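>>> Predicted structure and sequence below. I'll ask about it afterward.
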Amino acid sequence: MLSLIVKLFKGREKLKRRINAAVLTALLLVGAVLVAGCGGGEDTADAIVRLTKAEFIKQGDAICKEVFKRREQQANEFGEENDVTFGSASEEQLEKLVTEVVVPSLEQQADELSALGTPKGDEKQIEEIIASLKGAAGEIRNNPKLIFKSNPLEEPDELARAYGFKVCVE
C-alpha cells in the first residue's frame, strides 16, 4: 500500500510539474504576443491611454479646481504664518506670497495638465496652453509686481477658454 501511495505521489508530482511548465509556457507566449502587439507603429503610451477632448477638459478642469483650492488654502496659511491680511499686507509681503504660493501653484497646474496626455489631434493646442501657462508663471516669478499691474495670465486663459475649459479660466 505504501509503495502505491509513493507511486501515486511521484506520478502527481510529475503531472504537476508538467502542468506548471505548460502554464508557464502559455503565459510566456501570451506575454510575447502582447509585447509584439504593442510595437505596431503607434506609441505605447498612445495605445494605452488617449483621452477624448471632453474627457481631457473634464479632468483638466478638475485639476484646476483642486489647484485653485490648494492655492487658496496656502494663501490663507501664508497670511496666518506671516500675520498679514490682504488689506494690510505690504508690497513685499504680497510679492513673497506671489513667489511662494501663486507661482508654484501655476507651475503645478501646468505640470498636472501636461501629465494627462493630449487628445489625438489636439497636441498643438494643448502644448500652446501649457507653454503659455508656464511662460506666465516664469514672468511672474521674475517680476512678482507684474501680477498687480497687468494680467499675465490673459493669454493662457484665452487659449484655455478657446479650447473649452471652464474652471481653468475662472
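Sure, I can see it. Since the model is a prediction, treat every value here as computed from it, not as a measurement.
>>> The nearest residue to residue 164 once chain neighbours are set aside: neighbouring residues, count only.
Among residues not flanking residue 164 along the chain, residue 57 sits closest, at 4.9 Å (Cβ to Cβ, 6 or more residues apart in numbering). Just so you know, the C-beta spots here come from the backbone N, C-alpha and C atoms, and that holds for glycine as well. By the measure other Cβ atoms under 10 Å, the count of residues near residue 57 is 19.
>>> how close does residue 57 sit to residue 148?
Between residue 57 and residue 148 the computed distance is 30 Å (Cβ to Cβ, to the nearest Å).
>>> repeat for residue 132
From residue 132 to residue 148 the distance is 20 Å (Cβ to Cβ).
>>> Residue 76 too?
Taking Cβ to Cβ, one finds residue 76 at 19 Å from residue 148.
>>> re earlier: wait, doesn't the residue nearest to residue 164 sit right on residue 169?
No: assessed by Cβ atoms under 8 Å, residue 57 is found out of contact with residue 169, at 11.1 Å.
>>> Now do the phi/psi pair for residue 155.
Backbone torsions of residue 155, given as degrees, to the nearest 10, read phi -60, psi -50.
>>> ok, residues contacting the helix or strand containing residue 131?
Following DSSP states H and E, one finds residue 131 within helix 123-142. Contact with helix 123-142 is made by 56, 98-99, 102-103, 106-107, 109-110, 113-114, 118-119, 146-147, 152-153, 155-156, 159-160, 163, as judged by Cβ atoms under 8 Å, 6 or more residues apart in numbering.
>>> Go through it and flag the buried ones.
125-126, 128-130, 132-134, 136-137, 139-141 (16 or more other Cβ atoms under 10 Å).
>>> after it, next one along is what?
Criterion used, DSSP H and E; the element after helix 123-142 is helix 146-149.
>>> Which strands or helices does that next one pack on?
helix 123-142 (3 or more Cβ pairs under 8 Å, 6 or more residues apart in numbering; DSSP states H and E).
>>> I'd like the buried residues of helix 123-142 laid out as CSV, including distance to residue 92 and pLDDT.
Below are the buried residues of helix 123-142 laid out as CSV (distance: Cβ to Cβ, whole Å; pLDDT from 0 to 100):
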residue, distance to residue 92, pLDDT
125, 38, 95
126, 37, 95
128, 34, 97
129, 32, 96
130, 31, 96
132, 28, 96
133, 26, 96
134, 26, 97
136, 22, 96
137, 20, 96
139, 19, 95
140, 16, 95
141, 16, 95
